[in-house]
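J.: got a predicted structure here, sequence first:
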Amino acid sequence: MHVAIRCLIAFVVLGVGSVGGVGNAMERPPNILFFFVDDMGWQDTSVEFHSKATLLNRDYRTPNMEKLASQGLRFTNAYACSICSPSRVSLMTGQNAARHKVTCWTLRKDTSPARPGKQYSPANWNLNGLQPAGDKTQRSVAEVSLPELLRAGGYRTIHAGKGHFGAQGTPGANPLNLGFDVNIAGSYMGGPGSYHGDHNFSAAWRGGGTIWDVPGLDKYHGQTINLTEAITREAIRAVEKSVADKAPFYLYMSHYAVHAPFEPDRRFLPNYEDSNWNQHKKKYASMIESMDKSLGDLLETIDRLGVAKETIVIFMSDNGSPRNNPRNLPLRGHKISGYEGGNRVPLIVNWPGVTAEGKRNATPVIIEDIFPTILELARLDVPDNDGQSWVPILEGNSPPPEIPRELLWHYPNFYDQPPYSSLRHGDWKLIYWHQNQSFELFNLVTDIGETTNVAQENPDRLRDMATRLDQQLKDKNAQFATIKATGKPIPYPLEALSSRIEN
Ligand code: CA
């Protein structure tokens, strides 16, 4: 709490919110619209993030993303975690997943979806997710999170859509306990029962139970409205009220789309009916276009309300596209996997009057950076964290660093994909596979598709990368599964590398 108080003091000392400050666009902190899409792959858009247009860029329709990219800055090496909950906790806390330890997806209290099999005992991960600071829920991370700091700094904090912070039955399940003033349709679940209002946004109609029921949208039940549209309408209402009240807003527009269940948005499905694609791709394309329509509606709203010039818009996805969807070529892998298809995501930032229009930036950035970036944009104090603010990049005066930054991923769980840790440093990427303690080394500039493991030909580079990965993991006290036969955890990378060389 002391951090929040310090921020509040800083806010007042800076004169923001003092008499004469309110209502003055130059002195007021900017509004922040964080538009977060769920499970949207790097190529699931008509905006090009690769060096050339891909098949999916040509197939999908996202005109509002194109407009945003033409106004703002497009990041071509942006990353999240490879799965929902870790990404969401990282953006809320600024901590890397190896540190906050919410490394897999959360749902039921005290329950892990991971099945480590007979050979391993599971890593001690925080399966109850994110909780408010001071909370005592076991196996959770309890922190002052981003909206709490923004609220203390004078922001109206609006949560719209998917929460997925704390497990069912914990305080963190409710966004109102994590610093949000307003909660539209958010709860513990990582996916909606249904996208269709005529199914009451529930999976009950197909025998899927009620645990995925989307809360708070009863007024739309029974209507042929899409969930993405319903949440957008409510979010627009909250923004209108915030602007009318002259409160700077932080809109966390966190869509359930384009996560499973794969149900079409009936408004857009006809656009794809003449194609020769399979039904799944047609449905998925309609969900992408639906999400993009929401972006367009929100951009139109800030324009109509006269606040577009004082609103910073950040567009991002929380992980790669799942295996059901068309492959995100040229990337290898998909959601949860250790390859680029798992964690490389679209990212666009428009800071009116500051970001260069329609430019690209290749600096590798990662989701925990959101925390310091948004706090700096809001002109608030930034507590210690694992991220780096993008403000120097956005302002266009960020020289290339002499020593490239290290980006870390850690997935010690046995759910859907084998456990791994990985590191990007400059052009290079190392993946450490926990089960057989093997390494893959790739040069992402010459081999973005991770087709050729060059570890054997580059022993010095391999050792250097393994050393960096080892240090990063130890710095964050990363947890590993335990090998039952030996009673010991899976070794850290350097120990594994040494034993391979000795053998
Ligand atoms: Ca996700």
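T.: All right, it came through fine.
J.: in three-state terms, label Phe35 for me.
T.: strand (DSSP: H, G, I helix; E, B strand; the rest coil).
J.: ok, Arg360 - how many residues close by?
T.: 14 (other CB atoms under 10 Å). Just so you know, the C-beta spots here come from the backbone N, C-alpha and C atoms, and that holds for glycine as well.
J.: ok, now the one 4 residues further on?
T.: Applying other CB under 10 Å, we find 20 other residues in the vicinity of Pro364.
J.: start the count at 889 instead of 1 going forward.
T.: Shifting the count to begin at 889 puts that one at Pro1252.
J.: quick one, domains of the protein?
T.: Residue ranges for the domains of the chain, per automatic domain parsing: 917-1284, 1306-1390.
J.: indicate which one of the ones you listed is closest to the ion.
T.: When the domains of the chain are compared by CB to the ion, domain 917-1284 sits nearest the ion, at 3.5 Å.
J.: the closest one vs the ion: in contact?
T.: Yes. On the criterion CB under 5 Å from the ion, domain 917-1284 is in touch with the ion at Asp926, Asp927, Cys972, Asp1206, Asn1207.
J.: three-state assignment of Phe1203?
T.: Per three-state DSSP, Phe1203 ends up strand.
J.: and for Asp932?
T.: Assignment for Asp932 (three-state DSSP): coil.
J.: pretty sure it sits against Asn1213.
T.: Yes. Asp932 is in contact with Asn1213 according to CB atoms under 8 Å; the separation is 7.2 Å.
J.: just confirm Ser978 is within a helix.
T.: Yes. Judged by three-state DSSP, Ser978 forms part of a helix.
J.: rewinding a little: okay, the domains of the chain, which one's buried deepest?
T.: domain 917-1284 (a mean of 21; mean count of other CB atoms under 10 Å).
J.: and that domain, how far from the chain's centre?
T.: Chain-centre distance of domain 917-1284: 6 Å, with CA atoms, centre = their mean, to the nearest Å.
J.: what is the end-to-end distance of that domain?
T.: 20 Å (CA to CA, to the nearest Å).
J.: pretty sure Gly1337 contacts Leu1219?
T.: Yes. Between Gly1337 and Leu1219 a contact is recorded at 6.6 Å, counting by CB under 8 Å.
J.: which one is the residue of the stretch 1289-1391 of the chain found nearest the ion nearest to, not counting chain neighbours?
T.: Per CB to the ion, Asp1304 is where the stretch 1289-1391 of the chain lies closest to the ion, at 12.5 Å. The spatially closest residue to Asp1304, leaving aside those adjacent along the chain, is Ile1224, at 4.9 Å (CB to CB, 6 or more residues apart in numbering).
J.: again, but for Leu1296
T.: Closest to Leu1296 by CB to CB, 6+ apart is Gln1360, at 4.5 Å.
J.: doesn't the one you found belong to a helix?
T.: Yes. Per three-state DSSP, Gln1360 lies within a helix segment.
J.: check contacts around it.
T.: Ala986, Glu1294, Leu1296, Leu1311 (CB atoms under 8 Å, 6 or more residues apart in numbering).
J.: identify the bridge partners of the second one.
T.: Think Glu1294. His1313 (DSSP bridges).
J.: I'd say it and Arg1356 touch.
T.: Yes. Proximity of Glu1294 to Arg1356 meets the contact threshold set by CB under 8 Å, at 5.5 Å.
J.: joint contacts of these two?
T.: Leu1311, His1313.
J.: with adjacent residues omitted, what lies nearest to the residue most central in space within the chain?
T.: Central residue of the chain (CA atoms, centre = their mean): Asp1206, 2.8 Å from the mean position. Counting by CB to CB, 6+ apart, Asp1206 lies nearest to Ser975, which is 4.2 Å off, once chain neighbours are set aside.
J.: do Trp1297 as well
T.: Ser1310 (4.7 Å).
J.: before we move on, which element is the one you found in?
T.: Using DSSP states H and E, Ser1310 falls within strand 1308-1313.
J.: which residue is the nearest non-sequential neighbour of Glu1031?
T.: Glu1031's closest residue in space is Thr981 (CB to CB, 6+ apart), at 4.8 Å.
J.: one more: Leu1357?
T.: Leu1311 (4.2 Å).
J.: quick one: pLDDT of that neighbour?
T.: Note for Leu1311: predicted pLDDT of 98.
J.: tell me what Tyr1140 is bridged to.
T.: Where Tyr1140 sits in a bridge, its partners, by DSSP bridges, are Phe922, His1047.
J.: pretty sure it is touching Ile1046, no?
T.: Yes. Between Tyr1140 and Ile1046 there is a contact at 6.6 Å, judged by CB under 8 Å.
J.: overlap of the contact sets of these two?
T.: Common neighbours of Tyr1140 and Ile1046 (CB under 8 Å, 6+ apart) are Phe1068.
J.: what lines up beside the next helix or strand after the strand holding Ser1310 in the sheet?
T.: Of the helices and strands lying after strand 1308-1313 in sequence (DSSP H and E), the nearest is strand 1316-1321. Strand 1316-1321 has its sheet partners listed here by DSSP bridges as strand 1308-1313 (antiparallel), strand 1326-1331 (antiparallel).
J.: ranges for the helices of the stretch 1239-1388 of the chain?
T.: Along the stretch 1239-1388 of the chain, the stretches classed as helices by DSSP state H, counting those that start in this stretch are 1258-1265, 1279-1282, 1347-1363, 1381-1390.
J.: got JSON lines for the ones you listed, with mean pLDDT too?
T.: Output for the helices of the stretch 1239-1388 of the chain, formatted as JSON lines (pLDDT from 0 to 100):
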{"stretch": "helix 1258-1265", "mean pLDDT": "98"}
{"stretch": "helix 1279-1282", "mean pLDDT": "95"}
{"stretch": "helix 1347-1363", "mean pLDDT": "98"}
{"stretch": "helix 1381-1390", "mean pLDDT": "89"}
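J.: out of those, which comes closest to Ala1091?
T.: Nearest to Ala1091, of all the helices of the stretch 1239-1388 of the chain, is helix 1258-1265, at 30.4 Å by CB to CB.
J.: and the closest one, what does it pack against?
T.: Contact analysis of helix 1258-1265 by 3 or more CB pairs under 8 Å, 6 or more residues apart in numbering; DSSP states H and E lists strand 919-925, helix 972-981, helix 1034-1040, strand 1199-1205, helix 1279-1282 as its packing neighbours.
J.: and the third one, what's its mean pLDDT?
T.: It refers to helix 1034-1040. 98.
J.: what lies in contact with stretch 1272-1290?
T.: Residues contacting stretch 1272-1290 (CB under 8 Å, 6+ apart): 961, 978, 981-984, 987, 1237, 1239, 1242-1244, 1249, 1251, 1253-1254, 1256-1261, 1263-1265, 1270, 1293, 1364.
J.: one more time with 7 Å
T.: 961, 982-984, 987, 1237, 1239, 1242-1244, 1249, 1251, 1253, 1256-1261, 1264-1265, 1293 (CB atoms under 7 Å, 6 or more residues apart in numbering).
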